[in-house]
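Chemist: after the sequence you'll find the predicted model.
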Amino acid sequence: MSNRRNITFSVLGGGGEVGASCFKVGFNGYQLLLDCGTHPKKEGYEALPEFSLLNRAPDALLVSHGHVDHCGSMPYLLRQFPGVTSYATLPTARIMDRMLHNSVTVMEIMAKERGIQEYPLFDHEDVGYSMRRVECVDFELPFRLGADQEIEVTFHHSGHVLGSASVLMRIPGHTILYTGDICETDQELMGGYTPIDEKIEVDTLVIESTQGAADETSVYPYFQESLRLGEYIRRVLKGGGCVLLPSFALGRTQEVLNIVARLQEERLIPEVPVYASGLGRAIYEVYNRFQEYLAPDAELRPLEQFGRIGNVFDPGVVERLLSEPSILVATSGMMMENTPSALIAQEMVKYNHHGIFFVGYVDQDTLGYRLLNANPGDRLQFALGHPAVEIKLENIRRLHFSAHASRKALRKIIERIKPKNVVYVHGDPDALAWMRENTGNGFRSYVPGIGQHLTLEA
Ligand SMILES: [Zn+2]
Ligand SMILES: [Zn+2]
């Protein structure tokens, strides 16, 4: 049998890619799951982690934060294994509740409109049940798990979105730190991550690698980007147009609404109405409820300050929104088809006085990417069953706000912690390759793919 200080680490998802993050840590017969996401670019069963690698119910699930690539398949897991207890910070639990109910609604629509047989993969009752199985834990407060309570777990503030955590697991003879999604710099609302105590000896570091392929020239200081955004917005509004800012519902929407509010208060942009879409507003309520988890100097404006976008599928709604200068913050961030941002863009691109500014990552296989790279005269389809629209709008740009640590900061984390094993996850292949090559030596390094099992020595 293996050494008592060794642990096993298996990848069910989120290895070799940014996908359905889900990792299994095995120790002395005990099985712990880290995250339980869905793949942001896949559909149906394909979007789930490789749950076939679970030979029995995991003993516990630790959820790092509320983005669906980290928690989206939790109700599905609970359907198979109803006894599993999950652990998350209180804000993450509240956010998950909203995100997962929204997932059910989206899956139901997709089942109807796109004929995806297996949708929904779980229903509202499953979400309700799995939320009752969440134990809320607070940052920096260790709690115990395991048959003999021999594992000590601590959630550390990771600076990514409200409630997001890095997870420290002190298994007898083997300490693991899972960064989750982590950010070192202050954003408009979130403060950077809290480093763990230097005295803690970490044997294995499981580190996200999202920005591994972004060199120093593509790291954009957050505050400067906000000023650039202000300049773009100002020009459009002065010309009588409207501004669309496609934004992820969790994190970027709340950040961007408050950036826009600050720019207005500082008179850098005109005081036009600002609108936000449904899920972003629902998450905003959680931000409001848990303001103590934001940066100490963060100023979260009241949600009532921002109007409702309403149902963009209802006739006339988008035309009304665009009838006078305004700023629209709408999901989805990468402008997936049939989402509020796509439906608004569909109308905007017919004119040349508006502006569409992406404020985060835009994947190559998305409508947002095609729109960013479209030339006037090209035609794009924004929603199922709607005809393709000719693009007349030229003012379509991308800004680079990030809630992920730069690769320099990731390297610093490794240098500071000096682990014996580094497991690189949550990155595109080129990002993972750069990380493995350039983040130091003197430790064993691993870039496991889905289905891979590692035995890690302490
Ligand atoms: Zn995330
Ligand atoms: Zn993620």
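Modeler: Great, that's in hand. Ligands and ions are numbered 1, 2, ... in the order given.
Chemist: show me what counts as buried in the longest helix seen in the chain.
Modeler: Secondary structure assigned by DSSP state H gives helix 90-114 as the longest helix of the chain. Buried residues in helix 90-114, counted by 16 or more other Cβ atoms under 10 Å: 90-104, 106-107, 110-111. C-beta here means a position set from N, CA and C on the backbone, and glycine is covered the same way.
Chemist: give the contact list for the residue of the stretch 1-150 of the chain found nearest ligand 1.
Modeler: Here the residue of the stretch 1-150 of the chain nearest ligand 1 is residue 67; by Cβ to the ion that distance is 3.5 Å. Shown in contact with residue 67 (Cβ atoms under 8 Å, 6 or more residues apart in numbering): 37, 99, 161, 181, 248, 250, 251.
Chemist: out of those residues, which one sits closest to residue 355?
Modeler: residue 248 (19.3 Å; Cβ to Cβ).
Chemist: quick one: secondary structure of that closest one?
Modeler: coil (DSSP: H, G, I helix; E, B strand; the rest coil).
Chemist: my read: it touches residue 358, true?
Modeler: No: using Cβ atoms under 8 Å, residue 248 is not in contact with residue 358, being 10.8 Å away.
Chemist: okay, and the common contacts of those two?
Modeler: In contact with both residue 248 and residue 358: residue 333, using Cβ under 8 Å, 6+ apart.
Chemist: ok, back up a step: mind checking how far the residue of the stretch 1-150 of the chain closest to ligand 1 is from ligand 2?
Modeler: 5 Å (Cβ to the ion, to the nearest Å).
Chemist: which of the contacts of residue 67 lies closest to ligand 2?
Modeler: The closest of the contacts of residue 67, once distances to ligand 2 are taken by Cβ to the ion, is residue 181, at 4.5 Å.
Chemist: quick one: secondary structure of the closest one?
Modeler: Three-state call for residue 181 (three-state DSSP): coil.
Chemist: check residue 8 too.
Modeler: Assignment for residue 8 (three-state DSSP): strand.
Chemist: now do the one 4 residues further on
Modeler: Counting by three-state DSSP, the backbone at residue 12 sits in strand.
Chemist: identify each buried residue in stretch 361-373, please.
Modeler: Neighbour-count burial for stretch 361-373, counted by 16+ other Cβ under 10 Å, picks out 361, 362, 366, 367, 368, 369, 370, 371.
Chemist: tell me the residues of the stretch 151-300 of the chain that contact ligand 1?
Modeler: residue 181 (Cβ under 5 Å from the ion).
Chemist: now the strands for the stretch 151-300 of the chain?
Modeler: 151-157, 165-171, 174-178, 204-208, 243-246, 274-276 (DSSP state E, counting those that start in this stretch).
Chemist: alpha carbons of the first one, in CSV - could you do that?
Modeler: Extracted as CSV, the C-alpha positions of strand 151-157 are listed here (Å, rounded to 0.1, in the frame of the first residue of the first chain):
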residue,chain,number,x,y,z
ILE,A,151,-8.7,16.8,8.0
GLU,A,152,-8.6,20.5,8.7
VAL,A,153,-10.0,22.8,6.0
THR,A,154,-9.7,26.5,5.8
PHE,A,155,-11.2,28.8,3.1
HIS,A,156,-9.1,31.8,2.3
HIS,A,157,-10.3,34.9,0.5
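Chemist: show the average pLDDT along that strand.
Modeler: For strand 151-157, the mean pLDDT works out to 98.
Chemist: next one: the second one
Modeler: Along strand 165-171, the predicted local confidence has a mean pLDDT of 97.
Chemist: ok so, going back, of the buried residues of stretch 361-373, just say which sits nearest to ligand 2.
Modeler: Checking the buried residues of stretch 361-373 one by one against ligand 2 (Cβ to the ion), the nearest turns out to be residue 361, at 10.4 Å.
Chemist: helix, strand or coil for residue 397?
Modeler: Quick answer, by three-state DSSP: residue 397 is strand.
Chemist: so how far is residue 8 from the residue lying closest to it once chain neighbours are set aside?
Modeler: In space, and not counting its chain neighbours, residue 397 is closest to residue 357: 5.3 Å by Cβ to Cβ, 6 or more residues apart in numbering. Distance from residue 357 to residue 8, counting by Cβ to Cβ, to the nearest Å: 45 Å.
Chemist: quick one: contacts for residue 394?
Modeler: 352, 376.
Chemist: pretty sure residue 140 is in contact with residue 154, am I right?
Modeler: Yes: Residue 140 is within contact range of residue 154, at 6.5 Å (criterion: Cβ under 8 Å).
Chemist: okay, the two: which has more neighbours?
Modeler: A direct count of neighbours by other Cβ atoms under 10 Å for residue 140 and residue 154 places residue 154 higher, at 21 against 14.
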